[in-house]
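turn this into a model:
(3 chains)
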Amino acid sequence: MKLKTIMFWASLALVVIMACNFVMAGKAITLKGSDTLLMLGQRWAELYMQKNPGVVIQVTGGGSGVGIAALINGSTDICQASRSMKDSERKKIRERYFNLGSEIPVAKDGVTLYLNEKNQISELTLDQIKDVYTGKTTNWSQLGGPDAKIIVYGRENSSGTYAFFREAAMKNADYTSSMQSLPGTSAVVNAVAKDKYGVGFGGAAYAKGVKEVAIKTAKGSFKPTAETVKSGQYPLSRNLYWYVRGKPSGEIKKLVDWVLSPEGQEVVKTVGYFTVK
Amino acid sequence: MNSKGHLRKIKDRIKIGLTGSAVLLILAILAVILGTVIIGGYKSISWEFLTQPPKEGMTKGGIFPAIFGMVFSLLMMLIAVVPVGVATAVYLHEYARPDFILTKLIRGAVNNLAGVPSIVFGLFGLGFFIQFIGGSLDRSLGQSGLFGQPCILWASLTLALMNLPMIIVATEEALRAVPQAERAGALALGATKWQTIQNVVLPQAIPGILTGVVLVVSRGAGEVAPIMFTGAAYYLPYLPKLPTDQFMTLGYHIFVMTTQSPDIDATMPIAMGATLVLLALTFSLNIIAIIIRSRTRSQLRKGR
Amino acid sequence: MSLKKTRFKYLGESLIEGNIKITAILAIIAVFLIFFFILRESLPIFFNGEVQQEITFGKFFQGIQWQPVSDHPRFSLWPIIMGSLKVTMIALVFAVPVAIGAALYSSEFAGRRLKEFIKPVVELLAGIPSVVLGFFALIIMASFLKNIFGWTYRLNAVNAGIALGFAIIPAIYSLAEDALNAVPKSFREAALGLGATPWQTAVKVVLPAALPGVSAAVLFGMGRAVGETMVVLMAAGNAPLFSLNPLESTRTMTATIAAELGEVVFGSGHYHALFFIGLTLFTVTFVINLISWALFDGLMSKLYGAKK
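The predicted structure follows:
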């Protein structure tokens, strides 16, 4: 009998809670997509909600692909992507919504090559980087360093950074099988920081406790800085995007405008990315 | 001869000591892990840590949303798994004939379920709950992305399925401990079978069922693989309200903080603190289970 | 009036019984559903022409590279099967002696007090969530082992295997202890009476008698190790290398699913390939557990038969 009573009250309480929630659930703006942009989106959301009480912004990750899929099937308002949409994805959007959606660059990122701080090497050419990541170069002595094996770290193949790096630095060649793929950029940074002969890549914002490599091009050597990324001199720079179905309007437009305003772009700098303007 | 026997005794002692050192090694493992987490984490624990959301990209603030989401999902899991698990066990032990083919099938199924890797449950949750059930619900309701996406509901159901065998086994064990004579007595007094189960058998089995529930909660709290794709979120700036919201949860939060935080050194104390909270929770649940079990055991001994 | 009441009661009762039965049947359906849905999502590899342009069954066994995101995707399962085997073996090599040693000690040599202390301690070890073990292995143990032994790779199969060992010790221990405890007292008394030392009794009489149960325990631990995800995802380095070297980093089947499912395009060849890996895992662990269960069950009925 007791058991029954407990069960009854428990289920009643649950129903009441759920009913209340249905009533209370307000309209939220949802942001979904790239893990690279997650940190930035989260800070934007924190600040924007502080300034505009009543607006709720929900930020979730999962990856650029997940975000774009969610945008297409309507389960997110804004998609955060660290790569631009593929043609197949644009086609799907057009089929469903009869427009191409809006692509809004909200920040720039320089994908950085990390080395351990004890490593003497401080600049590399893109070809050298490519050889390291395809497995052609396996020893630091081939790059002018000590005679030690190169420990290659990278990201999982589900990450936008993996795809961008493969495209921009490796000319679409495949990564070596001996690359250790770690589940997040900070895991890569952490590994390189602890590994004297390690090398890794990821967003410039994450480079703490590791050395950033300057990339040698015909025009000189460049580290990812605000100027080199904006001017495009740093070869591994990319746009980070927000995608919206149709033209942004209403609350979403207000948010987008704020993000692109000097105030919003200031957040970009504090997080460690680069401004678009 | 005597010295030879003596030597053999010493040799035996050493060998026994070796097996004893295996026990010591287990103790040492436990102590090292606990020690690391306590030393690294105790400084972060404070009232604010437990009641504040993460701030500034998880380098400051607390873990409240993760605790809240965990409790939310575990409650939903219990609502799903306890009635089904107890009913299955009651059927197996009280109704079914042991040599009946259906009984054997159910037993086999339960045993099999217990051995399925947790990541396979994650795959199943994604394929079945989200894509199939959620997708069809959305289509029939004319909505998009309400049920056909990761959320607490699907994550909890995935966890429930995964923990079903544990509840069944614990309940069955508890039912087995109820003396057959008491059932016969109740039946002889004119009670129907269900009345007997409801009023005589189940009340006595409650401590055993409770042990199972406590263990299931402890296990569910720490599982990450099944919920990675079925509902857990990296970061949410608000608390989940509906079962169709995504949620943060402690185990996944620890995973995220150690692999994806923007500044690993600044996050580490928080990650350690969160790990300490999780360990404290699972350990105290396990200890509660151990206490309930030893109590009922000694009661049984007295009863006999 | 009273007749009506009893009839109502009877109806209510059969309703309840029916409900209970249906719920119980749900349990079988659930298992069936799991298998069915994992299978359903892997089938396009065999039958769907569009998917087959990307991936066929044969491709799983061609070459030795797992390189799903590429201009020429390669889906060889060999490196990740090898990875799973490697890590599992290391975990067993570490965990089996410890777990069985401890089980032997607590069932044969420890006093009752000590025994009642050991059991809960091992249960507490079982209570550590695998994500915490992974965290520990990634942040603490990896650097520790690397500094001591000077290994080239910080995250490697041995590091993950040892952490995995922590996870399976309790499972092996508790099954093995149950098996040892099930050996009737008379066996021990007889051996001791014939002049055997306690050690000889334990190793030459009790352990062989319980051997099927102990092997069941090892198999059970093996099933757990093959299916464990978070520890290997965090601590093994995840490089899909086809190599036997335990000091290189390695990628297991479980970690592959966990790492790649997040952003795979639904319905693509890669997506179905991940489900196929899931199906393989399901089948392998199913068979391992089935054997383990049969062994254990057989032993128990034999021993309890002997007791009578």
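
nearest residue to A:Ile104 in space, please, no chain neighbours.
For A:Ile104, ignoring the flanking residues on the chain, the nearest one in space by CB to CB, 6 or more residues apart in numbering or on different chains is A:Trp242 at 4.6 Å. From N, CA and C alone the C-beta is placed, and that goes for glycine too.

repeat that for B:Leu30.
That would be C:Leu125: by CB to CB, 6+ apart, it lies 5.3 Å from B:Leu30.

before we move on, back to that, what's around the residue nearest to A:Ile104, how many residues?
A:Trp242: 27 surrounding residues under other CB atoms under 10 Å in any protein chain shown.

I'd like the average pLDDT over the one helix or strand it maps to.
In this structure, A:Trp242 sits in strand A:237-244 according to DSSP states H and E. In this model, strand A:237-244 has an average pLDDT of 90.

and what of stretch C:58-76?
Here the average pLDDT along stretch C:58-76 is 86.

and if you look at stretch C:13-31?
Computed over stretch C:13-31, the average pLDDT equals 82.

same thing with stretch B:29-38?
95.

that stretch: which residues count as buried?
B:29-30, B:33-34, B:36-37 (16 or more other CB atoms under 10 Å in any protein chain shown).

over to stretch B:211-219?
Buried-residue list, stretch B:211-219, by 16+ other CB under 10 Å: B:211-219.

can you tell me which of these is nearest A:Tyr162?
Nearest to A:Tyr162 out of these is B:Arg219 (CB to CB; 33.1 Å).

what sits against A:Ala218?
Under the criterion of CB atoms under 8 Å, 6 or more residues apart in numbering or on different chains, A:Ala218 has no neighbours.

now it: phi and psi?
phi -60, psi -30 (degrees, to the nearest 10).

measure it to A:Gly110 for me?
18 Å (CB to CB, to the nearest Å).

ok so, going back, could the buried residues of stretch B:29-38 go into JSON lines alongside secondary structure?
Shown next, in JSON lines, are the buried residues of stretch B:29-38 (DSSP: H, G, I helix; E, B strand; the rest coil):
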{"residue": "B:Ile29", "secondary structure": "helix"}
{"residue": "B:Leu30", "secondary structure": "helix"}
{"residue": "B:Ile33", "secondary structure": "helix"}
{"residue": "B:Leu34", "secondary structure": "helix"}
{"residue": "B:Thr36", "secondary structure": "helix"}
{"residue": "B:Val37", "secondary structure": "helix"}
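
and the residue of the stretch 201-304 of chain B that's closest to chain C?
For the stretch 201-304 of chain B and chain C, the shortest gap (CB to the nearest CB) falls at B:Gly222, measuring 2.3 Å.

now, which of the buried residues of stretch B:211-219 lie within helices?
Those of these mapping onto helices are B:211-219, per DSSP state H.

turn those into CSV, including pLDDT and distance to chain A.
As requested, these are arranged in CSV below (pLDDT from 0 to 100; distance: CB to the nearest CB, whole Å):
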residue, pLDDT, distance to chain A
B:Thr211, 91, 16
B:Gly212, 92, 15
B:Val213, 94, 13
B:Val214, 94, 16
B:Leu215, 92, 19
B:Val216, 94, 16
B:Val217, 95, 15
B:Ser218, 94, 20
B:Arg219, 92, 21
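
got the domain ranges for the chain?
In the absence of a named chain, chain A is used. Annotated domains of chain A cover A:26-108+A:239-271, A:112-235 [automatic domain parsing].

to clarify, I was referring to chain B.
Split by automatic domain parsing, chain B gives B:1-44, B:47-303.
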